[in-house]
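S.K.: Please find the sequence and the predicted model below.
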Amino acid sequence: MRRNLASTWIVAALLALVLCAPAQRLATHDIPNDATVQMFLKPDGSRLNLLVRVPLKTMRDVEFPERAEGYLDFDRVDPQLQEAATLWLSDFIEIDEGDQRLPKPRVAATRLSLESDPSFSSYDQALAHFSSPKLTNGTTVYWDQLMMDVLFEYPIQSDQSRFAIHPGLDRLAARVVIALRFLPPGGAVRAFEFLGDPGLVRLDPRWFQASGQFVKLGFLHILDGTDHLLFLFCLVIPFRRFRALIPVVTSFTVAHSITLIASAYNLAPDALWFPPLIETLIAMSIVYMALENIVGGATMQRRWMITFGFGLVHGFGFSFALRQTMQFAGSHLLASLLSFNVGVELGQLLVLAVLIPALDLLFRYVVAERMGTIILSALVAHTAWHWMIDRYRVLRQYRIQWPSMDAAPLAKDLRLLMLIVIAAGLVWVVFGLLWPRISRAEEQPVARSRPL
């Protein structure tokens, strides 16, 4: 009797779990894989308007009311929208006016929209959307097929202030893309796009703020770029003296600065095949430098000239890494580019400060210099060769077409070529003519006066 009673209770509990499973899934909601958040930010007098559109399916742990058919009940959903706007949006968005953190905003209005709704194509349309009629139960749609639009209002001191935002919305989905448009007084629109959590973003940075950020970006980029580090490693192996490396490193710096700045000012090709071509050439440059070390053909005069040519290629590679970060430069594009180069050079100096003593110790106590040069260069060449083959396979998937001979593309190509020729001439004058004379003059011993 007791055994039958226990079995009955177990069956009843299992049945209850099965029946409650759908409700539990509805209450918790799964984390979406992807979500795109659209935002407008506009200071207006003593008020800052923040307009946000997010997929409603990202508002987890909020129970939205439904009708019998499973469709969303628009007549009873407003309290849940207010809760979701605070719980998932305003609590994680931080805005600074100058150096002061703004208080939590007021939820001025909420709306639900169909995924096809075009209201957020401009700020004026998005703002007018909050005054338009709401969707009613005449619209039969499930809750996870809708977009939630929210108008937040922040009190500010002046619309002429400098603002910064930290959109910490990366928890909405596994991959979150934030498209932000900032509308300062004057009519100009500044577009930003972030993947995940970008940290504090200054929407109108001062030149020193932008420069400091780009120095850091350049420093971290050279330390994270394995291919650039291997190229630098090949440069160091035959010439392990700071003075001997000055012409080589300087020619590399000048060369990649030219193509980096040219790319930022849209003077570089914008075809789809161009990035994989550059990546293939970067790997090829490492292979060449390593082979030159192996055969022993590296001379100072030859090395700095070849480095200049390869530096032009690496500069395009740097520009690809900067495409997503140039939005943080504000109106200080050139200062940010030069600061990025400064960061790259600081990173290179750090690498040289580590590599030169390490190689000296290796060649002094572990292996003979010539044998060590061959072994290390062979390892680098082997790695870069596989990179080159893999990248060339990607390049072969594109159809490379010669640029048209129209006036505009031809003028752009000529401007880029002229910059390269001028820079190459300056580097050649300094290190091809003046530097050898200075070096010989300093190496000559000082004549001692004879005693009378």
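M.R.: Received the coordinates, thanks. Quick caveat, the model's predicted, so the values are computed rather than measured. Residues are numbered from 1 along each chain as shown.

S.K.: For the nearest residue to Trp88 once chain neighbours are set aside, what are phi and psi?
M.R.: Nearest residue to Trp88 in three dimensions, chain neighbours excluded: Met59, at 5.4 Å (Cβ to Cβ, 6 or more residues apart in numbering). Any C-beta I mention is one placed from the backbone N, CA and C, and that applies to glycine too. Dihedral angles of Met59 (phi, psi; degrees, to the nearest 10) stand at phi -90, psi 80.

S.K.: roughly how far out does the host helix or strand of Arg391 sit from the chain middle?
M.R.: When elements are assigned from DSSP states H and E, Arg391 belongs to helix 369-395. Offset of helix 369-395 from its chain centre (Cα atoms, centre = their mean, to the nearest Å): 28 Å.

S.K.: What segments of the chain are helices?
M.R.: 2-28, 78-84, 123-129, 207-224, 226-236, 242-264, 274-295, 300-322, 333-365, 369-395, 407-427, 435-443 (DSSP state H).

S.K.: if you average pLDDT over the second one, what comes out?
M.R.: Spelled out, it's helix 78-84. The average pLDDT for helix 78-84 rounds to 93.

S.K.: I figured Thr325 was touching Gly218, is that so?
M.R.: No - look at Thr325 against Gly218 with Cβ atoms under 8 Å: they stay out of range, at 10.2 Å.

S.K.: Which one's more surrounded, the two?
M.R.: Gly218 (27 against 15; other Cβ atoms under 10 Å).

S.K.: Name all residues that make contact with that one.
M.R.: By Cβ atoms under 8 Å, 6 or more residues apart in numbering, Gly218 lies in contact with 339-347.

S.K.: can you pick the most crowded of those residues?
M.R.: Neighbour count (other Cβ under 10 Å) singles out Phe340 as the most crowded of these, with 30 neighbours.

S.K.: Quick check: the gap between it and Val177.
M.R.: 24 Å (Cβ to Cβ, to the nearest Å).

S.K.: With Trp273 instead?
M.R.: 26 Å.

S.K.: Kindly report the same for Asp78.
M.R.: Noted for Asp78: a distance of 28 Å to Val177, by Cβ to Cβ.

S.K.: What pLDDT does the model give Leu203?
M.R.: pLDDT, read off for Leu203, is 89.

S.K.: how many other residues sit next to it?
M.R.: By other Cβ under 10 Å, the residues close to Leu203 number 20.

S.K.: Pull the contacting residues for it.
M.R.: Counting by Cβ under 8 Å, 6+ apart, Leu203 has contacts 41, 162-165, 182, 184, 190, 192, 330.

S.K.: 10 Å instead, please
M.R.: Each residue near Leu203 by Cβ atoms under 10 Å, 6 or more residues apart in numbering is listed here: 41, 43, 95-96, 162-165, 180, 182-184, 190, 192, 328, 330.

S.K.: One more: Ala126?
M.R.: Applying Cβ under 10 Å, 6+ apart to Ala126 gives the contacts 38-40, 49, 51-53, 111, 118-120, 149, 151, 181.

S.K.: Buried ones in stretch 272-291, by neighbour count?
M.R.: For stretch 272-291, burial by neighbour count (16 or more other Cβ atoms under 10 Å) applies to 273-291.

S.K.: what does stretch 362-378 give?
M.R.: Using 16+ other Cβ under 10 Å as the test for burial, stretch 362-378 gives 363, 372-374, 376-377.

S.K.: between those residues, which is nearest Phe252?
M.R.: Ranked by distance to Phe252 (Cβ to Cβ), the buried residues of stretch 362-378 are led by Ser377 at 18.0 Å.

S.K.: Alpha carbons of stretch 64-71, as PDB, please.
M.R.: Provided in PDB are the C-alpha atoms of stretch 64-71 (Å, rounded to 0.1, in the frame of the first residue of the first chain):
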ATOM      1  CA  PHE A  64       5.400  39.400 -20.800                       C
ATOM      2  CA  PRO A  65       1.600  38.900 -20.800                       C
ATOM      3  CA  GLU A  66       0.100  36.700 -23.500                       C
ATOM      4  CA  ARG A  67      -3.300  36.000 -24.900                       C
ATOM      5  CA  ALA A  68      -4.800  32.600 -25.100                       C
ATOM      6  CA  GLU A  69      -3.300  32.000 -28.600                       C
ATOM      7  CA  GLY A  70       0.200  32.700 -27.300                       C
ATOM      8  CA  TYR A  71       0.300  36.200 -28.900                       C
END
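
S.K.: surely Ala335 meets Phe214?
M.R.: Yes - Ala335 is in contact with Phe214 according to Cβ atoms under 10 Å; the separation is 8.1 Å.

S.K.: more crowded one of those two?
M.R.: Shown here are Ala335 and Phe214; by other Cβ under 10 Å, Phe214 has more neighbours (26 against 16).

S.K.: Tell me how far that one lies from Trp387.
M.R.: 27 Å.

S.K.: Kindly report the same for Pro155.
M.R.: 54 Å.

S.K.: the more surrounded of the two?
M.R.: Taking neighbours as other Cβ under 10 Å, Pro155 and Trp387 compare with Trp387 leading, 19 against 12.

S.K.: which stretch among the helices of the chain comes nearest Arg101?
M.R.: helix 207-224 (17.0 Å).

S.K.: can you put the contacts of Gly218 in TSV and add pLDDT and distance to Thr226?
M.R.: Shown next, in TSV, are the contacts of Gly218 (pLDDT from 0 to 100; distance: Cβ to Cβ, whole Å):
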residue	pLDDT	distance to Thr226
Ser339	91	23
Phe340	90	19
Asn341	88	20
Val342	90	22
Gly343	90	17
Val344	89	15
Glu345	88	18
Leu346	90	18
Gly347	90	13
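
S.K.: Export these to a markdown table and append columns for distance to Ile222.
M.R.: What follows is the contacts of Gly218, written out as a markdown table (distance: Cβ to Cβ, whole Å):
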| residue | distance to Ile222 |
| --- | --- |
| Ser339 | 14 |
| Phe340 | 10 |
| Asn341 | 10 |
| Val342 | 11 |
| Gly343 | 8 |
| Val344 | 5 |
| Glu345 | 8 |
| Leu346 | 8 |
| Gly347 | 3 |
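
S.K.: Which of the residues you listed sits closest to Gly317?
M.R.: Nearest to Gly317 among those is Val344, at 11.3 Å by Cβ to Cβ.

S.K.: quick one: Asp360 and Arg240 touch, right?
M.R.: Yes - Asp360 is in contact with Arg240 according to Cβ under 10 Å; the separation is 6.0 Å.

S.K.: what's the overlap in contacts for those two?
M.R.: In contact with both Asp360 and Arg240: Glu369, using Cβ under 10 Å, 6+ apart.

S.K.: ok, these two, which is more surrounded?
M.R.: Applying other Cβ under 10 Å to Asp360 and Arg240 shows that Arg240 carries more neighbours, namely 17 against 13.
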